[in-house]
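Colleague: Everything below, folded, please.
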Amino acid sequence: MYDVAVIGSGYGGAVIAARLAPHARVLLVERGAWWRPGQFPEGLLGLARAHMGAHNPAGLWAMRLGAGTGLAFASAFGGSSAVNYGITAQPDDHAFAGWPLTAADLAPWFARVHATLGASADPRAERLGDQQVLDELEPGARVDLENTIDWDRCDQCGRCVPGCNRGAKRSLDRTYLALALDAGVELRLRTELLELARARDGYRLRLRATGAVSAGDWVPARRVVLAAGALGTLDLLHRSGLPLGPWFGQRMSLNGDGLAFLYDTRRRLSGHSGAPISTAARLRFTDDLGQPRTLMVMSGRVPRDAMRFTGAALATLLELLAARGERRRDRPAPTPGRWRRRLRDLVGVGEHGALSRTFMYKLDGQDGARGTARFTGGGAVIDWPDYARDPIMQLAAARLRRWAEQIGGVVVPDVATLPGMRSFSVHPLGGCRLGRDLGDGVVDDLGRPFDPRGGLHPGLRVADGSIVRGSLGVPPSLTIAALAERIADDLIREVAQARAAP
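Modeller: The predicted structure follows:
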């Protein structure tokens with residue numbers, strides 16, 4: 001009998017496992033594989049082969065398409081930390097308005113996570129040119145991001161997202177999960193939870209090798225922590241049949257994710273140099289209802305493996321945009337010098353091409369959290385048909401157009417606005433949102449699900465992005481981990497009390 005079974009090893013599950021393992025018998029279940037440096041896919045073909053599907057059930061990544069949205073997610077030991085930029089950012093205090101806890105309540109847990117992850121700013125960021133351009137465009141708004149990267153080992157290849165084969169990234173398998181393993185957590189990789197059932201003394205979990213056709217085996221646990229990511233946890237709770245409140249699957253956020261380009265500007269930038277995302281502008285504004293909002297515009301990166309493809313794709317998109325009338329008629333036609341820069345990108349991307357003057361606009365912002373989960377045969381998806389028209393996305397588009405007026409260049413708008421495309425996100429949040437009671441959320445401030453029949457579901461917790469109440473305006477990993485630290489502290493108390501009881 002396990003004291004605690006943790007499902008998922010991302011920023012929530014890794015924290016729970018690390019903190020509980022010294023105090024209890026803990027089982028950690030992860031449906032993905034442990035991808036180590038040298039094993040991550042190389043190039044576009046390698047990335048395609050790593051796609052998770054029926055032919056490759058333990059693949060590294062997958063996508064799900066809803067009405068108006070597309071969601072990309074990782075399946076790996078360490079969750080999204082295996083394939084992200086390691087950006088560690090704390091939201092503005094106003095992001096917690098309406099929550100059952102405040103930024104001050106989370107402050108000690110933010111500090112603990114930050115110390116454990118070991119995030120720091122890129123000491124070479126000033127060489128890239130992005131800082132100077134952002135200072136020109138948004139005076140006083142620039143922030144130097146902190147990443148979970150060993151900068152001495154980073155060669156600025158920009159392949160953080162497919163996975164770092166240089167061993168420079170401090171992903172969760174090197175921080176929280178290493179602590180969990182050292183403390184004796186029992187790990188089951190490439191294992192999926194098929195069924196969760198209540199038992200007299202806790203829960204029974206039916207586990208099976210990922211993608212296998214066997215019935216699997218039943219494992220008992222006194223307590224269960226669901227930390228399988230927003231979509232994974234929604235799927236598990238939906239299949240469990242446990243009664244949940246009316247907020248389940250409602251008011252989901254994409255965290256204002258967006259991607260656009262300001263192409264071939266008058267300023268030298270670092271679009272051709274790879275490198276992690278390390279520079280951003282944090283913009284604050286007041287919405288139509290008088291509520292403060294945050295928009296974080298990050299200087300994105302094209303991985304070296306994809307630069308030639310990106311250069312060619314942007315040049316092609318410009319012609320499509322011109323045909324649609326997107327190019328401003330009062331802007332002079334490209335000069336011969338600009339045409340030469342664009343042609344150079346078709347031959348081989350370098351410091352003299354158009355991509356070297358391009359700002360890749362990676363966005364996180366406080367959207368309206370109006371997505372709804374829909375459960376399909378392939379799992380939960382988020383429906384939000386008009387996401388691209390959310391006020392935060394409109395503000396971002398207007399800002400990019402203003403930047404074009406300041407430093408030139410052609411706006412290649414968010415891909416969701418192009419024909420046949422949809423809004424893509426890597427930060428789905430909510431669906432099991434924190435609340436004060438059943439009429440306000442799905443779980444309480446310690447991740448315990450409300451039972452519509454009264455009270456709480458005993459022995460069950462949720463500790464991942466699904467409990468985030470709304471959009472944060474910054475990458476959510478630090479907040480998810482801080483919430484999990486707080487939940488873990490309460491679980492340690494609960495386990496100790498149970499053992500001390502006669």
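
Colleague: contacts, neighbours, all on C-alpha from now
Modeller: Noted.

Colleague: What ranges does the chain have for its helices?
Modeller: 11-20, 43-49, 103-117, 130-137, 176-182, 229-240, 307-323, 336-347, 391-407, 477-500 (DSSP state H).

Colleague: give me the number of residues near Ala178?
Modeller: For Ala178, the neighbour count with other CA atoms under 10 Å is 15.

Colleague: ugh, wrong one, I meant Val495
Modeller: Count around Val495 with other CA under 10 Å applied: 17.

Colleague: Report the contact partners of it.
Modeller: Val495 makes contacts with 3, 23-24, as judged by CA atoms under 8 Å, 6 or more residues apart in numbering.

Colleague: Now do it, the pLDDT please.
Modeller: Per-residue confidence (pLDDT) for Val495: 96.

Colleague: before we move on, what about Asp489?
Modeller: Listed pLDDT for Asp489 reads 98.

Colleague: closest to Phe285 out of the helices of the chain?
Modeller: Nearest of the helices of the chain to Phe285, taken as CA to CA: helix 391-407 at 9.6 Å.

Colleague: What residues sit buried inside the closest one?
Modeller: Residues of helix 391-407 classed as buried by neighbour count (16 or more other CA atoms under 10 Å): 391-393, 395-397, 400-401, 403-404, 407.

Colleague: model confidence over it, on average?
Modeller: On average, helix 391-407 scores 91.

Colleague: which one is Val412 nearest to, not counting chain neighbours?
Modeller: Phe261 (5.0 Å; CA to CA, 6 or more residues apart in numbering).

Colleague: on that earlier part again, buried ones among the contacts of Val495?
Modeller: Counted by 16+ other CA under 10 Å, those give 3, 24 as buried.

Colleague: Which of the contacts of Val495 fall within strands?
Modeller: Under the assignment DSSP state E, the contacts of Val495 contribute Asp3 to strands.

Colleague: Gly473 and Ala95 touch, don't they?
Modeller: Yes. Contact status for Gly473 versus Ala95: in contact at 7.5 Å, counting by CA atoms under 8 Å.

Colleague: who's more crowded, these two?
Modeller: Gly473 (28 against 21).

Colleague: Now do that one, the pLDDT please.
Modeller: Predicted confidence (pLDDT) for Gly473: 95.

Colleague: how much space is there between it and Phe285?
Modeller: The gap separating Gly473 from Phe285 is 12 Å, by CA to CA, to the nearest Å.

Colleague: on that earlier part again, what number of residues lie near the residue nearest to Val412?
Modeller: 23.

Colleague: what does Ala230 give?
Modeller: Neighbours of Ala230 using other CA under 10 Å come to 26.

Colleague: In space, what's closest to it - neighbours in sequence excluded?
Modeller: Ser466 (4.2 Å).

Colleague: Surely that neighbour touches His427?
Modeller: No. The criterion here is CA under 8 Å, and Ser466 misses it with His427 at 10.1 Å.

Colleague: more crowded one of the two?
Modeller: Ser466 (32 against 24).

Colleague: show me what contacts the more buried one?
Modeller: The contact partners of Ser466, taken as CA under 8 Å, 6+ apart, are 229-231, 233-234, 428-433.

Colleague: gap between it and Arg124?
Modeller: Separation of Ser466 from Arg124 (CA to CA) stands at 35 Å.

Colleague: In contact with Asp364, which residues are there?
Modeller: Applying CA under 8 Å, 6+ apart, the residues near Asp364 are 255-258, 295-297, 473-475.

Colleague: So among the residues you listed, where is pLDDT lowest?
Modeller: Within these, lowest confidence goes to Gly258 (87).

Colleague: hang on, the earlier thing: and for Gly473 and Phe285, which residues touch both?
Modeller: The overlap between the contact sets of Gly473 and Phe285 (CA under 8 Å, 6+ apart) consists of 293-294.

Colleague: Can you tell me how far Leu234 is from Val442?
Modeller: 11 Å.

Colleague: do the same with Arg499
Modeller: 28 Å.

Colleague: quick one, which of the two is more surrounded?
Modeller: Between Arg499 and Val442, counted using other CA under 10 Å, the more crowded position is Val442 (32 against 9).

Colleague: Now the more buried one. Its backbone dihedrals?
Modeller: Backbone dihedrals for Val442, given as degrees, to the nearest 10, come out at phi -100, psi -40.

Colleague: How about the one 5 residues further on?
Modeller: Note on Gly447: its backbone torsions stand at phi 80, psi 10 [degrees, to the nearest 10].
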